[in-house]
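Asker: sequence plus predicted model, see below.
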Amino acid sequence: MTDYDNNNRGALFKNEKQNDRQPDFRGPINVDGKDYQLSAWLKTSEKAGKYFSISVSEKQEGKAQASSASTDSAPF
């Protein structure tokens, strides 16, 4: 069996939105061996019709853990 190379590849999945500001789609993307988070919003314009507005950010490992840890150390 050969190993699959995920370098320079990504995928978008439908996002379970909690509010309208969150992206419609999210997923991982790898560029030159570094992992990123890809977010996409489905938009509509009169000239172009439907299109994706896309944002790329660095992948943050343990984001949920970091936020809960910071509340545990609150002085009150």
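Answerer: Now that the structure is in, tell me what you want to look at.

Asker: partner strands of whichever strand in the chain runs longest, with direction?
Answerer: Counting residues, the longest strand found in the chain (DSSP state E) is strand 34-45. Strand 34-45 has the following strand partners under DSSP bridges: strand 25-31 (antiparallel), strand 49-58 (antiparallel).

Asker: how about residues contacting the longest one?
Answerer: Residues outside strand 49-58 that contact it (Cβ atoms under 8 Å, 6 or more residues apart in numbering) are 23, 25, 29, 36-45. From N, CA and C alone the C-beta is placed, and that goes for glycine too.

Asker: output the longest strand of the chain in PDB, but only the C-alpha positions, please.
Answerer: Extracted C-alpha coordinates of strand 34-45, given in PDB (Å, rounded to 0.1, in the frame of the first residue of the first chain):
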ATOM      1  CA  LYS A  34       2.500  23.400   6.600                       C
ATOM      2  CA  ASP A  35      -1.100  22.900   7.900                       C
ATOM      3  CA  TYR A  36      -3.700  25.800   7.700                       C
ATOM      4  CA  GLN A  37      -7.400  26.200   8.400                       C
ATOM      5  CA  LEU A  38      -9.500  27.200   5.400                       C
ATOM      6  CA  SER A  39     -12.800  29.100   5.800                       C
ATOM      7  CA  ALA A  40     -15.300  29.900   3.100                       C
ATOM      8  CA  TRP A  41     -18.500  32.000   3.000                       C
ATOM      9  CA  LEU A  42     -21.000  31.600   0.200                       C
ATOM     10  CA  LYS A  43     -21.800  35.100  -1.200                       C
ATOM     11  CA  THR A  44     -23.900  36.600  -4.000                       C
ATOM     12  CA  SER A  45     -23.200  39.700  -6.100                       C
END
